[in-house]
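[1] Sequence first, then the predicted structure:
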Protein chains: 2
Amino acid sequence: MGNIAFAQKDKIIEDFMPSEVNQQGREYPQVNSEGRVRAQIAAPDAKYVQLDIGAVKYDMVKDENGVWTGESAPQDEGFHYYQLHIDGAFVPDPGTRYFYGAGRWGSGIEIPASDSYMYALKDVPRGMVSEVPYFSDITQSWRRCFVYTPPCYNNNSNKRYPVLYLQHGSFEDETGWSAQGKANLILDNLIADNKAVPMIIVMDNGYAFKPQEEQVVSNPTRPAMVFEEVVMQEIIPMIDTRFRTLTDRENRAIAGLSMGANQTMRIAMGNLGHFAYYGGFSGTANYPSSAPINVETFLDGAFKDGNSVNEQLKVLWLGVGTKEAEVFQKSIGAFRDMLDKQGISHVFYVSEGTAHEWHTWRRSLYEYAQLLFK
Amino acid sequence: MGNIAFAQKDKIIEDFMPSEVNQQGREYPQVNSEGRVRAQIAAPDAKYVQLDIGAVKYDMVKDENGVWTGESAPQDEGFHYYQLHIDGAFVPDPGTRYFYGAGRWGSGIEIPASDSYMYALKDVPRGMVSEVPYFSDITQSWRRCFVYTPPCYNNNSNKRYPVLYLQHGSFEDETGWSAQGKANLILDNLIADNKAVPMIIVMDNGYAFKPQEEQVVSNPTRPAMVFEEVVMQEIIPMIDTRFRTLTDRENRAIAGLSMGANQTMRIAMGNLGHFAYYGGFSGTANYPSSAPINVETFLDGAFKDGNSVNEQLKVLWLGVGTKEAEVFQKSIGAFRDMLDKQGISHVFYVSEGTAHEWHTWRRSLYEYAQLLFK
């Protein structure tokens, strides 16, 4: 149970403000200028209450009214999942809105970032995000994606738009990119600044299994490979039917984060006739290996002919945060070594001071989207 | 803390199944054929854990592994908000998805209903629900609505559609009708059966305050009257710009539940040049009064000329559940007495066995939507 909060108490800067993803009118949790999180909950009969964030549990302290309060160490800027721990029960903090990640719907907190201009709510035209249900014959189930359409989409009933397919990571789902990822706000702002061309973004669920093969979502290193079939045979045709899309390869991009980077690289490289842009945010298809890549066998030799890859992929984009675990740095490093050896040009972006978390991926989208369809 | 669960233990039918609104893969909470809810949570160090549903707290019992389990009395069919109570802390159940109601994001449970065909996931074409942000000059804030577009909306880029404006109740928000209200599924099924004409549905947030006047959302009987201005001056023009709508009064309907019934009645009757259909689900603008209505003064005399109301309102629809509190029965009764006295025809629907809850309003929408735009 530790007592980190006690030890640091005298050093905490008292400029806490309610988190911007709190439920309406809730004063807690709060965040201070150091990036510390202060949580508070009434639990008059509890023996102990802890704030569980960033894989550390911080003891909270009870006052005379039975209200527990406690602070975390400073957190990286950006979005984090967290929870409360009350007498052995792990529960969401009733003060926050809820987000899907870490395999659950649970609490989130936003540490104000120096580059929050990326997704700031500005006085600019705003697109919309639509929940689009579809029946998948492959999985024999109703599935859904969220589709961002740019601000001008509804102004002009004839214009067609390029499409970015954008995937979440393991233990996350199709809600992540438009909720904690802020993909819609990032694009609204980029489009308003003429830094990105208006595009449609399709965000689907990377977990797709054949009937009777549905599995516990528990193994991030094992891609759910039927997702590739669902994307190519079902999602893309459905999107091209329901939305005013440009359907040639030069107007179709794909990207993903972590597990989604792995999945979308397999999809892109297996279907270069359909995609001209690839983005891997904190992930590559050789993950978790840091061994030199054998181009003869890797993804069925998809990178063997470097000139052909250069010709077909207008942008091959990779990014990683400086605080990400070694396994990401090293597997992406091994992948880049292979690209260099093959003479395959690519963009490599480093997100300063961020870990394997959403702020790295917001920045990645912000950078990647500016290079698309130009 | 009571011990209702103990007393009834031997009578409980052991056919519990996971609730359909559980988080993916979660076994608890469960519901049995009596409509009892069984909750379960690990809390090895807790002194007590209770299931808090329908304004009753049911004690849960700890097993040797520190896992608490407990059952409620039978609940009405349909959707209910609930929470857990752990040593004095009121928290969401981490087993469920979360819904906005009772002034918070929290747990929900679905008691399978005899008429769940209304919103069953069938093999029919499905519309989509879009999150539409807009800046309100009146409130000086970004607001959003959710907009349902029918299945055919994206097939035909020229056709225009009638619009239903559909409002939530007090302590709820713009997410309610498409989440726990299942408005999109109800309409998809009605349209597939040719029982309703394809229509757009706009679901906005009924809480709207002028800058500096934002209030704690705590008084359901006091309508936030600036909402009327936002609807008429901002939402309708915005929807008519961004969507392919039919904009004459005969193609515009409005309805709401509880507080929303009150608000939308004021909006409809104050703007009959803009609406030809009104639906009041478990509410009327004389709420909470059961006194005879003075037609000279009520809503500025809007019901004074019965013939004119009959001519202008193609449907005036009222509904209430048999288990709703007397204040709803009586205020709606007083309103109907006034209509009868004025010779104003209306539809009155009674939802059997349901209270002031979402199942009453799902049924109300199911009935009301079939009468619109015909």
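    Received it, and whenever you're ready, just let me know what you need. Residues are numbered from 1 along each chain as shown, chains lettered A, B, ... in the order given.
[2] Look up the closest residue to the closest residue to chain B within the stretch 251-374 of chain A, ignoring the ones flanking it.
    Each residue of the stretch 251-374 of chain A has a distance to chain B, by C-beta to the nearest C-beta, and the smallest belongs to A:Met259, at 16.1 Å. To be clear about C-beta, it is placed using only N, CA and C from the backbone, and glycine gets the same treatment. Nearest-residue entry for A:Met259: A:Ser170, 4.0 Å, with adjacent residues in sequence omitted and distances by C-beta to C-beta, 6 or more residues apart in numbering or on different chains.
[3] ok so the one you found is a strand residue?
    No. Counting by DSSP: H, G, I helix; E, B strand; the rest coil, A:Ser170 is not found in a strand; it is coil.
[4] Would you map out the domains in chain A?
    As assigned by automatic domain parsing, chain A contains the domains A:4-112, A:117-369.
[5] Now stretch A:352-363: buried residues?
    For stretch A:352-363, the neighbour count (16 or more other C-beta atoms under 10 Å in any protein chain shown) marks A:354-363 as buried.
[6] which non-adjacent residue is nearest A:His85?
    Of all residues beyond its chain neighbours, the one nearest A:His85 is A:Gln50 (4.1 Å), with distances taken as C-beta to C-beta, 6+ apart.
[7] State the next helix or strand along the chain beyond the longest helix seen in chain A.
    Taking DSSP state H as the criterion, chain A has its longest helix at helix A:326-342. As assigned by DSSP states H and E, the chain's next helix or strand after helix A:326-342 is strand A:347-351.
[8] chain center to the helix or strand just after that following strand: distance?
    Where DSSP H and E defines the elements, the next helix or strand beyond strand A:347-351 is helix A:358-369. Remark: helix A:358-369 is offset 9 Å from the chain centroid, using C-alpha atoms, centre = their mean, to the nearest Å.
[9] Residues touching helix A:358-369, excluding its own?
    A:76-79, A:113, A:115, A:118-119, A:164, A:166, A:176-177, A:180-183, A:186-187, A:190, A:196, A:199, A:255, A:257, A:279, A:281-282, A:315, A:317, A:319-321, A:324, A:347, A:349, A:351, A:354 (C-beta atoms under 8 Å, 6 or more residues apart in numbering or on different chains).
[10] Filter those down to the buried ones and hand me the PyMOL line.
    The buried residues among the contacts of helix A:358-369 can be selected in PyMOL (16+ other C-beta under 10 Å) with this line:
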select buried, chain A and resi 76+77+78+79+113+118+119+164+166+176+177+180+181+182+183+186+187+190+196+199+255+257+279+281+282+315+317+319+320+321+324+349+351+354
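[11] Where does pLDDT dip in the stretch 151-300 of chain A?
    A:212-224 (pLDDT under 70).
[12] What segments of it are helices?
    With DSSP state H, counting those that start in this stretch as the criterion, the stretch 151-300 of chain A has helices at A:183-192, A:226-229, A:236-242, A:259-270.
[13] Buried residues of stretch A:131-146, list them for me.
    A:131-136, A:138-139, A:143-146.
[14] just the residues you listed that are near chain B?
    Taking C-beta under 8 Å from any C-beta of the partner chain as the test, chain B is in contact with A:131-135 out of the buried residues of stretch A:131-146.
[15] Can you name the residues that contact A:Ala355?
    A:76, A:321, A:323-325.
[16] again, 6 Å this time
    With contacts defined as C-beta atoms under 6 Å, 6 or more residues apart in numbering or on different chains, A:Ala355 is in contact with A:76, A:321, A:323-324.
[17] ok, for the residue in the stretch 201-350 of chain A that chain B sits nearest to, nearest residue in space, not its chain neighbours?
    Scanning the stretch 201-350 of chain A for the residue nearest chain B gives A:Arg242, at 4.4 Å (criterion: C-beta to the nearest C-beta). Closest residue to A:Arg242 apart from its sequence neighbours, by C-beta to C-beta, 6+ apart: B:Asn154 at 4.4 Å.
[18] thinking the one you found is in contact with A:Thr241, fair?
    No. Assessed by C-beta atoms under 6 Å, B:Asn154 is found out of contact with A:Thr241, at 7.8 Å.
[19] The two: who's more crowded?
    Using other C-beta atoms under 10 Å in any protein chain shown as the criterion, B:Asn154 and A:Thr241 rank with B:Asn154 on top: 16 against 11.
[20] So what sits opposite the residue nearest to A:Tyr82 when sequence neighbours are not counted in the bridge?
    What sits nearest to A:Tyr82 in space, not counting adjacent residues and going by C-beta to C-beta, 6+ apart, is A:Ile53, at 3.7 Å. Counting by DSSP bridges, A:Ile53 forms beta bridges with A:Val56, A:Tyr82.
[21] In three-state terms, label A:Tyr134 for me.
    Put simply, A:Tyr134 is strand when judged by three-state DSSP.
[22] Just give the closest residue to it, not the sequence neighbours.
    In space, A:Tyr134 is closest to A:Met238, 5.1 Å off (C-beta to C-beta, 6+ apart).
[23] which parts of chain A sit against chain B?
    A:23, A:41, A:43-47, A:86-89, A:91-92, A:94, A:97-98, A:105, A:121, A:126, A:128-133, A:142, A:154, A:157, A:242 (C-beta under 6 Å from any C-beta of the partner chain).
[24] Many thanks, have a good one.
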